[in-house]
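**Q** Need a 3D model of the sequence below.
(one chain, ligands or ions: 1)
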Amino acid sequence: MNHSVIIIGGGPSGLSTALHLRQIAPHLTKSILILEKARYPRSKLCAGGLVIDAEVLLARLGLDVSEVPHVDADHIRFDFEGRGLNFRMWKRHALRVIRRDEFDNWLAKMAELRGIEIREGVIVKNVVPDKDGVTIETNEETIRAQVVVGADGSNGVTRRCIFPNAAVYTARLLEVLTPEYDVIARSAATKQSPDEQETATPPPVARNDKIAYFDFFPVPNNIAGYVWDFPTQIKGEPMRCWGIYDTNILADAKRPQLKEPLAQEMSRLGFNLDDYELKGHPIRWFSPENQLSVARVLLVGDAAGADPLLGEGISIALGYGSLAAQEIAESFQRNEFSFNGYRRRVSKSALGRALLMRWILARGIYPLKWKWFQILLWRFLKPVIIFTANVFVLNWGKRI
Ligand SMILES: Cc1cc2nc3c(=O)[nH]c(=O)nc-3n(C[C@H](O)[C@H](O)[C@H](O)COP(=O)(O)OP(=O)(O)OC[C@H]3O[C@@H](n4cnc5c(N)ncnc54)[C@H](O)[C@@H]3O)c2cc1C
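**A** The predicted model follows:
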């Protein structure tokens, strides 16, 4: 047997699994191998919003995420048609926004510095468990391991190999990067007064650049999600990251093209979507019926299922890594690799309870798609939302 643990995918869930395993079972460190199909720093479509739980989990691994270039959003706004509620955290930023090429590269370097081997540019093609171990076929060679962790994301090969016929629940997302508001406002002012370019006053910027915005206005049109607008940066240059999330819960009803509400919201704020490169990627989300393991193979991160309510998945990927590491470490102690208890471990954990609550909320809030209900929810039920967010949705990281 070549390796004790092979982790397929070097995103946050795979790297977190390796780092947590090293922390709780250091003797396994030398026999952990991460196979990553890309090369760092690799791009990953993602708005990069880190909630408090991601920072808590990284700090517990002895990692300081402020080393990664970031922009902090002081508040988060949850709006319906531009009006709603403000969400903030006590004496800290509400959301830290990183770029995934930089964040994942940093996390991979931290793992390597701690003695974990990562092979880049290796594409896993097939995963075949048997009673003695797992065979992993890659574009380069065939490898054996005692245990495999499928951390290969929403479209991952591991899940497709071990659960070829399982139902898959995925959200659809589009994302676009633009300059900051003031750049667009200045260029609009320039266009408006070609003869007076020096003296033209830019129109006032409609939004605060330190806020991350979510607007749920597409829900009455059967898009079960929101349009987001986050502050971000690229190579130190302030930018905005926009996108639209549709959990697909209302997929049976007639819906506009996903691009339309995003273009509408951006145009309201002076941006023309057609001026920018639009990209899309799905997120596989958590449902209580998702299967998470077979003997010798378990799933983490998007492969296991991310947040269905808002499509948040980085903190969740880090959390799955902690739970998978505990399961694997105990399996090696017992020399028994059925992973029968993994799903129970996840569902009983603080992460599992937060995911279940988000699944219930997504199932409850999005189908109530009447405009009056969405207005009531986001504009008038502020204490209920803030309480639910703090108690049931966030703050699970310290309890995992
Ligand atoms: C548009 C968009 C915006 C998002 N915004 C946010 C946000 O603001 N905040 C947030 O928390 N979450 C966000 N998410 C979700 C978040 O990106 C994911 O939940 C998170 O990346 C999951 O991490 P992961 O490690 O499970 O998977 P991934 O990050 O997808 O990593 C999987 C890794 O596996 C590798 N891989 C895949 N197949 C193979 C193979 N066959 N062989 C070897 N390697 C393989 C990939 O190259 C990749 O590095 C967003 C997602 C999208 C699509």
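
**Q** V183 - that's part of a helix, no?
**A** Yes - when DSSP: H, G, I helix; E, B strand; the rest coil is applied, V183 is found to be in a helix.

**Q** tally of neighbours for it?
**A** Under the neighbour criterion other C-beta atoms under 10 Å, V183 is assigned a count of 16. C-beta: built from backbone N, CA, C; applies to glycine.

**Q** Name all residues that make contact with it.
**A** For V183, no contacting residues are found, by C-beta atoms under 8 Å, 6 or more residues apart in numbering.

**Q** Verify the contact between G352 and V346 for me.
**A** Yes - contact criterion C-beta atoms under 8 Å: G352 and V346 qualify, at 4.5 Å.

**Q** Of these two, give the one with the bigger neighbour count.
**A** Shown here are G352 and V346; by other C-beta under 10 Å, V346 has more neighbours (27 against 21).

**Q** Within the helices and strands, which one has the closest residue in space to T29 that isn't next to it in sequence?
**A** Spatial nearest neighbour of T29, chain neighbours left out: R22 (4.6 Å); criterion: C-beta to C-beta, 6 or more residues apart in numbering. Under the criterion of DSSP states H and E, R22 resides in helix 12-24.

**Q** Give me the angle between the helix or strand following that helix and helix 12-24.
**A** Next helix or strand after helix 12-24 toward the C-terminus (DSSP H and E): strand 32-36. Here the directions of strand 32-36 and helix 12-24 differ by 170 degrees (axes from the mean of the first three to the mean of the last three C-alpha atoms, to 10 degrees).

**Q** Can you list the strands that the next helix or strand after strand 32-36 pairs with?
**A** Sequence order places strand 49-50 as the next helix or strand after strand 32-36, per DSSP H and E. Sheet partners assigned to strand 49-50 using DSSP bridges are listed as strand 95-98 (antiparallel).

**Q** Can you name the next helix or strand after the strand it pairs with?
**A** Next element after strand 95-98 (DSSP H and E): helix 100-113.

**Q** How far does the helix or strand following that following helix sit from its chain's centre?
**A** Next in sequence after helix 100-113, counting helices and strands by DSSP H and E, comes strand 117-120. Offset of strand 117-120 from its chain centre (C-alpha atoms, centre = their mean, to the nearest Å): 22 Å.

**Q** Please list the strands that the helix or strand just after strand 117-120 pairs with in its sheet, giving the direction of each pairing.
**A** Past strand 117-120, further along toward the C-terminus, the next helix or strand under DSSP H and E is strand 124-129. With DSSP bridges as the test, strand 124-129 is paired with strand 134-138 (antiparallel).

**Q** buried residues in the next helix or strand after the strand it pairs with?
**A** Toward the C-terminus, strand 134-138 is succeeded by strand 142-150 as the next helix or strand (DSSP H and E). By 16 or more other C-beta atoms under 10 Å, the buried positions in strand 142-150 come out as I143, A145, Q146, V147, V148, V149, G150.

**Q** Rounded mean pLDDT for strand 142-150, please.
**A** Averaged over strand 142-150, pLDDT sits at 98.

**Q** quick one, that strand and strand 124-129 angle?
**A** Using the same axes, to 10 degrees: strand 142-150 against strand 124-129 is 80 degrees.

**Q** just checking, what packs against strand 142-150?
**A** Counting contacts by 3 or more C-beta pairs under 8 Å, 6 or more residues apart in numbering; DSSP states H and E, strand 142-150 packs against strand 3-8, strand 124-129, strand 134-138, helix 157-162, strand 297-299, helix 314-334.

**Q** Using CSV, list the CA coordinates for that strand.
**A** C-alpha atoms of strand 142-150 as CSV (Å, rounded to 0.1, in the frame of the first residue of the first chain):
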residue,chain,number,x,y,z
THR,A,142,-2.4,4.0,-10.7
ILE,A,143,-1.9,4.3,-7.0
ARG,A,144,-3.3,2.4,-3.9
ALA,A,145,-4.3,3.9,-0.6
GLN,A,146,-5.9,2.6,2.5
VAL,A,147,-8.4,5.5,2.6
VAL,A,148,-9.5,8.1,0.0
VAL,A,149,-11.1,11.5,0.7
GLY,A,150,-13.1,13.0,-2.2
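
**Q** before we move on, back to that, I'd like the helices and strands packed on strand 142-150 as JSON lines, with mean neighbour count appended.
**A** JSON lines is the format used below for the helices and strands packed on strand 142-150 (neighbours: other C-beta atoms under 10 Å):
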{"stretch": "strand 3-8", "mean neighbour count": "26"}
{"stretch": "strand 124-129", "mean neighbour count": "17"}
{"stretch": "strand 134-138", "mean neighbour count": "20"}
{"stretch": "helix 157-162", "mean neighbour count": "23"}
{"stretch": "strand 297-299", "mean neighbour count": "29"}
{"stretch": "helix 314-334", "mean neighbour count": "24"}
